[in-house]
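K.L.:
Quick one: sequence and predicted model below, then my questions.
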Amino acid sequence: MDLGLRDRVVIVTGGSAGIGLATVETFAREGARVAACARDLERLQAAVEPIRSATGAEIMTLACDVTRPDQVEAMVRQVVDRWGGVDVLVNNAGRAVPGGFEQLTDADWQADLEVKLFSQIRCSRAVLPHFKARGRGSIVNVNAIFGKQPDRYFFATSVNRAACIALTKTLAREAAAYGVRVNSVNIGFVVSAQWENIRKRRAPDLEPEAFFAQFVKDWDVPLGRFGQPEEAAAAIVFLASDRASYITGAVLDVDGGMARYL
Ligand SMILES: NC(=O)c1ccc[n+]([C@@H]2O[C@H](COP(=O)([O-])OP(=O)(O)OC[C@H]3O[C@@H](n4cnc5c(N)ncnc54)[C@H](OP(=O)(O)O)[C@@H]3O)[C@@H](O)[C@H]2O)c1
């Protein structure tokens, strides 16, 4: 299926690792022009270089901390200066703040809100005028199933991803007037560096495979395994594409069947 993404201008936040890097690669293979951002520019450049060589795609690498409004504005400006506009924004940058309610400080809550909710708000605000100028655009927010199925073991994520999903739905209603679609991909468990950090914190003595297997058992994941970043990227790129032209305000779970809500 041709996704119709050739020469489209795509921004992927958090493009240097995990789901974001796989998303950069999938867009590049579709012939899109991709601007990838992350805080660590050196790591980002090293990560995308093999994709550039393999696909021949135009890929921009930009240092940007999505919790910094000035850096978000500068990042979008650089993309528009180079490619004349923007067609797609993937709000993927993020990380997990561990801890139950009694451990989480105000600073933890603020930091988690900044990297999850406010980054999506600011990046969306920065691209919207460019979407309006083209009369089209697509935003995909990468969230978590815990935003709809709260879990005390993922406390801050549960609370703040609920807000991100509400942002997705509400912005979809408003931005439809400009031909802009806004959707959410809700992740369950996908292998990434975040999980390596969780393993080191919770079970440093367990090998990664044994650690993942334990999580899959404890959380009763029907497909019996963690997802791969490429599997999340496929859903993100589809929702961003014209093949999803009548889909907005939707939430697509990429979770191996783990979520139990209807
Ligand atoms: N993997 C999962 O199981 C899972 C589950 C639910 C939700 N999610 C969500 O899915 C998204 C991707 O997760 P992942 O597991 O692929 O993460 P990952 O492998 O840890 O990669 C995170 C990416 O985000 C970037 N990033 C982090 N903070 C940033 C900031 N303030 N500004 C700009 N870039 C930033 C990182 O680069 P720098 O550090 O260089 O900035 C990196 O490129 C995240 O939003 C995560 O919360 C993942």
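P.N.:
On my side now, so go ahead.
K.L.:
And the single nearest residue of the stretch 101-250 of the chain relative to the ligand, its phi and psi?
P.N.:
Of all residues in the stretch 101-250 of the chain, the one sitting closest to the ligand is residue 192 (3.1 Å; CB to the nearest ligand atom). The way it works is simple: take the backbone N, C-alpha and C, and place the C-beta from them, glycine included. When quoted as degrees, to the nearest 10, the phi and psi of residue 192 stand at phi -170, psi 180.
K.L.:
Contacts only, for it.
P.N.:
By CB atoms under 8 Å, 6 or more residues apart in numbering, the contact set of residue 192 is 17, 18, 19, 229.
K.L.:
What about residue 224, how many residues nearby?
P.N.:
For residue 224, the tally of surrounding residues (other CB atoms under 10 Å) stands at 11.
K.L.:
Then residue 130?
P.N.:
19.
K.L.:
now swap in the one 5 residues further on and tell me
P.N.:
By the measure other CB under 10 Å, the count of residues near residue 135 is 9.
K.L.:
what do you get for residue 14?
P.N.:
Neighbours of residue 14 (other CB under 10 Å): 27.
K.L.:
List the contacts of it.
P.N.:
Contacts of residue 14 by CB under 8 Å, 6+ apart are 20, 37, 38, 66, 92, 93, 94.
K.L.:
interface residues of the stretch 1-150 of the chain facing the ligand?
P.N.:
13-20, 38-40, 43, 64-67, 92-96, 115, 142, 144 (CB under 6 Å from any ligand atom).
K.L.:
can we see that at 8 Å?
P.N.:
13-22, 37-41, 43-44, 47, 64-68, 91-96, 114-116, 119, 142-146 (CB under 8 Å from any ligand atom).
K.L.:
Give me the buried subset of the residues you listed.
P.N.:
Among those, the ones that count as buried by 16 or more other CB atoms under 10 Å are 13-22, 37-39, 44, 47, 64-67, 91-94, 96, 114-116, 119, 142-146.
K.L.:
Quick one: mark the members of the contacts of residue 192 that sit in helices.
P.N.:
The helices, defined by DSSP state H, take in 18, 19, 229 from the contacts of residue 192.
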